[in-house]
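Enquirer: Compute the structure for the input listed below.
(one chain, ligands or ions: 3)
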Amino acid sequence: MQICRTKAEVREAVRGYRRAGEHVGLVPTMGYLHDGHMTLVRTAKAKCDRVVATIFVNPTQFGDSADLDAYPRDEARDFALLEAEGVDAVFCPDVDEMYHPLKQTTVVTERLEHMLMGALRPDHYKGVCTVVTKLFNIVGADEAFFGEKDYQQLLVLRTMARDLDIPVGINGVPTVREVDGLAMSSRNVRLSAEDRQAALILNKALAYGDYEASDGRTAADLESSIRTFIEKEPRAEIETIDVRDAATLEPIEGQITAPAVILLAVRFGDVLLIDQRVADPS
Ligand SMILES: Nc1ncnc2c1ncn2[C@@H]1O[C@H](COP(=O)(O)OP(=O)(O)OP(=O)(O)O)[C@@H](O)[C@H]1O
Ligand SMILES: CC(C)(CO)[C@@H](O)C(=O)[O-]
Ligand code: BAL
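Expert: Numbering: from 1, shown residues only. Ligands and ions are numbered 1, 2, ... in the order given. Below you'll find the predicted structure:
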């Protein structure tokens, strides 16, 4: 596996793949890899001849510098995992390589940017869109792979690629869970043993919400029953619970009649966990 610290190195590697007529897949990550990331890699390998992974903890998508500083990192372990999975190249620039000191251009999806997680983390999606556009431009992949766990991010990036005619296929990959149902996340290592146990309420609440959605409920009513369900867990500090149109993330008027996504953002101690599930009322 080729380790590329600079844009020039990764561009050169991909140029070689393209000369051989190979189809190139991109898996962007912030590192501290787990089986969710490795599933993105395996999905990319199944669809593409070559896979480029990126590891970059992007400062422009963190409003809270404490969250940025606390973000777990282990580059050597990440490289070993990617190599074992047959990744061809990993792009892992530092912040100075990635961003020009006089940068003044950003990418914004106007409507999706400010709703839901965007309201909770102002400028977060601007940071994500800008860095992912840069990764698309630097690597020039045919396909890119993102997790459905970050559901709004996936929709934001699909919308951005569509609106800006970026020639890359955006592939969503279902959420990978621990055996007890907790969605895998790099942030899980920061949970205390008690909070790790308490966080199991999230997947249970999603299963409950999915079941209840098939009963002719309104979104507001469903949000309120899911809230009551999660409130039974005293360690859970609810940030947001939303039931939205799964295709657009717009609010649902009246009864749920089309696929709806249940989006949870819940704090355990100082760790904000997110999880989601699409409920199909039919
Ligand atoms: N459990 C998972 N299943 C499938 N994909 C995942 C999972 N967790 C993360 N991903 C995807 O991996 C990619 C990189 O995510 P990232 O490096 O931020 O990891 P993360 O575990 O989501 O971190 P955190 O939850 O701390 O933000 C994203 O596309 C994300 O949606
Ligand atoms: C897509 C991404 C790698 C951009 O920094 C990040 O938001 C993530 O890990 O989901
Ligand atoms: N996985 C989403 C990236 C973030 O939380 O900043």
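Enquirer: Pull the contacting residues for the residue sitting nearest the centre point of the chain.
Expert: A centroid search over the chain (C-alpha atoms, centre = their mean) returns Asp150, at 3.5 Å, as the residue closest to the centre. For Asp150, the contacting residues are Ile274, taking C-beta atoms under 8 Å, 6 or more residues apart in numbering as the criterion. Using the backbone N, CA and C atoms, a C-beta is placed for each residue, glycine as well.
Enquirer: From Glu85, how far out is it?
Expert: In this structure, Asp150 and Glu85 are separated by 21 Å, where distance is defined by C-beta to C-beta, to the nearest Å.
Enquirer: Next: Tyr99.
Expert: The spacing between Tyr99 and Glu85, counted by C-beta to C-beta, is 29 Å.
Enquirer: More neighbours: these two, which one.
Expert: In terms of neighbours (other C-beta atoms under 10 Å), Glu85 is the more surrounded of Tyr99 and Glu85; the figures are 19 against 16.
Enquirer: Show the contacting residues for that one.
Expert: Met38, Val41, Arg42, Lys45.
Enquirer: and which of those is nearest to Glu237?
Expert: Nearest to Glu237 among these, counting by C-beta to C-beta, is Met38 at 30.3 Å.
Enquirer: That closest one touches Leu81, doesn't it?
Expert: Yes. Taking contacts as C-beta atoms under 8 Å, Met38 lies within contact range of Leu81: 6.5 Å.
Enquirer: Show me which residues of the stretch 101-250 of the chain sit near ligand 1.
Expert: Near ligand 1, the residues belonging to the stretch 101-250 of the chain are Phe146, Gly147, Lys149, Asp150, Val173, Thr175, Val176, Ala183, Met184, Ser185, Ser186, Arg187 when assessed by C-beta under 6 Å from any ligand atom.
Enquirer: Please report how far the last one lies from ligand 2.
Expert: As judged by C-beta to the nearest ligand atom, to the nearest Å, Arg187 and ligand 2 stand 11 Å apart.
Enquirer: ok, how many other residues are close to Arg11?
Expert: Each residue near Arg11 was counted by other C-beta under 10 Å, and the total is 16.
Enquirer: How far does the helix or strand harbouring it sit from its chain's centre?
Expert: Element membership of Arg11 [criterion: DSSP states H and E] is helix 7-19. Relative to its chain's centre, helix 7-19 lies at 26 Å (C-alpha atoms, centre = their mean, to the nearest Å).
Enquirer: Tell me which stretches of the stretch 51-200 of the chain form strands.
Expert: For the stretch 51-200 of the chain, applying DSSP state E, counting those that start in this stretch gives strands covering 89-91, 143-147, 169-173.
Enquirer: so Arg190 touches Pro72, yeah?
Expert: Yes. If you go by C-beta under 8 Å, Arg190 and Pro72 touch, sitting 7.2 Å apart.
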